[in-house]
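Asks: just to be clear, the model below is a prediction. Sequence and coordinates:
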Amino acid sequence: MMQVKRYFVSMLGRLYENQDCSAAWTLELVGERWSLLILRDAMFGNCTRFSQFWKSLGIATNILTKRLEDLVAAGLMERRQSAGEQAEYLLTQKGLELKPVIIALTEWGDKWVRPGPVMFQNGPDGQPVALQLRRASDDTRVAIADVVARSR
């Protein structure tokens, strides 16, 4: 936990000391808008190189550099340098497992803000995919209103 807290301090300059919550801790890592858009483009836009992220996002190069460094430091991306080529930024398993978060934000935005230009599909067969809440014990679908938070 100390290593995670040290990273939080370096990223935003302060901690949410009174927040004992995984959602708050996660927002410290990925809650900044450019970070989420970089992850989105890595996941769904086939971006791996600085120039690709820059072209896709139109972000200032100093901000893009910092966000990529932060994502690498957090273990969400890995920087690989090949001789004579621009470095690649590749998602780690930790970063890849944020894919449902990006899908959920996009689906929420499609419904409540404005429909966007993409839909999510299963790559091999092209069938649409959707996130659903399921009971862990037997895979039964759960209504969103029925989900509560309890202490561990």
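Replies: Arrived safely, thanks for sending.
Asks: not counting sequence-adjacent ones, nearest residue to the spatially most central residue of the chain?
Replies: The centre of the chain sits closest to L98, judged by Cα atoms, centre = their mean, with a distance of 4.5 Å. Nearest in space to L98, with sequence neighbours left out and distances taken as Cβ to Cβ, 6 or more residues apart in numbering, is L39 at 5.9 Å. C-beta: built from backbone N, CA, C; applies to glycine.
Asks: ok, back up a step: how close does the residue nearest to the centre of the chain sit to N122?
Replies: To N122, L98 is 19 Å away according to Cβ to Cβ, to the nearest Å.
Asks: before we move on, what about R67?
Replies: For R67 relative to N122 (Cβ to Cβ), the value is 30 Å.
Asks: more neighbours: those two, which one.
Replies: Taking other Cβ atoms under 10 Å, R67 and N122 do not tie; R67 has more neighbours (22 against 9).
Asks: per-residue pLDDT, the spatially closest residue to that one that is not a sequence neighbour?
Replies: Nearest non-adjacent residue to R67, counting by Cβ to Cβ, 6+ apart: W34, 4.9 Å away. For W34, the pLDDT comes out at 96.
Asks: just L71 next, same as before
Replies: Reported pLDDT for L71: 97.
Asks: do A60 as well
Replies: 97.
Asks: checking my notes, L90 in a strand, right?
Replies: Yes - under DSSP: H, G, I helix; E, B strand; the rest coil, L90 falls within a strand.
Asks: which residues are in contact with it?
Replies: Applying Cβ atoms under 8 Å, 6 or more residues apart in numbering to L90 gives the contacts A42, T48, M77, E78, R80.
Asks: tell me how far the second one lies from R134.
Replies: Here the distance between T48 and R134 works out to 32 Å (Cβ to Cβ).
Asks: equivalent analysis for F44, please.
Replies: With Cβ to Cβ as the criterion, F44 and R134 are 23 Å apart.
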